[in-house]
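*Asks:* My questions concern the predicted model and sequence given below.
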Amino acid sequence: MPDGYLTRIEQGGTNVSGGQKQRLCIARALLKQPKILVLDDSTSACDTATDARIRRNMRKAMPGMTKLFISQRISTVKDCDRIMVLDNGHLSGFDTHEQLLKTNKVYKEIYDLQDSDTADFDKKD
């Protein structure tokens with residue numbers, strides 16, 4: 001923002017983007033230095049590169065904090081210690097990214113759909 005930290009945020013955040021709102025909310029939560037941080041689709045409006053930077057910086061700056069990521073993006077959860085996979089409200093799997101790719105059909109299908117090497121969004125039917 002042109003005024004940096006002095007930027008005035010309008011009520012409802014009407015003068016910032018969805019990704020900027022999400023980053024501001026994360027920053028406010030981190031200022032409280034919680035022992036446990038729950039992030040529910042907290043970077044869904046951010047591009048994947050920004051999402052990766054946020055997670056990498058949280059890992060480095062706050063190694064002792066427990067962080068729970070709730071996300072539909074595999075890229076957001078793949079580096080987590082453990083991933084819980086829900087399918088229609090039921091627990092389908094609970095393991096590491098690597099193990100889930102080998103053992104969990106639901107997780108593997110989601111991964112394949114989101115994997116940029118196999119997904120072709122420009123392809124016409």
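*Replies:* Alright, I've got the coordinates. Since the model is a prediction, treat every value here as computed from it, not as a measurement.
*Asks:* show me where pLDDT drops low in the chain?
*Replies:* Residue ranges of the chain with pLDDT under 70: 116-125.
*Asks:* which residue ranges form the strands in it?
*Replies:* Assigned by DSSP state E, the chain shows strands spanning 36-40, 66-70, 83-87, 90-95.
*Asks:* Just the buried residues of the third one, please?
*Replies:* It stands for strand 83-87. Using 16 or more other C-beta atoms under 10 Å as the test for burial, strand 83-87 gives 83, 85. (C-beta placed from N, C-alpha, C; glycine too.)
*Asks:* Could I get the contacting residues of the residue lying closest to Lys78 once chain neighbours are set aside?
*Replies:* Nearest non-adjacent residue to Lys78, counting by C-beta to C-beta, 6 or more residues apart in numbering: His97, 4.3 Å away. Residues counted as contacts of His97 (C-beta atoms under 8 Å, 6 or more residues apart in numbering) are 74, 77-80, 83.
*Asks:* are any of the residues you listed buried, and which?
*Replies:* Judged by neighbour count, with 16+ other C-beta under 10 Å as the criterion, the buried members of the contacts of His97 are 74, 77, 83.
*Asks:* just curious, which of those is nearest to Asn57?
*Replies:* Lowest distance from Asn57 to those (C-beta to C-beta) belongs to Val77, with 16.7 Å.
*Asks:* Leu30 is in contact with Met62, correct?
*Replies:* Yes: with contacts defined as C-beta atoms under 8 Å, Met62 counts as touching Leu30 at a distance of 7.4 Å.
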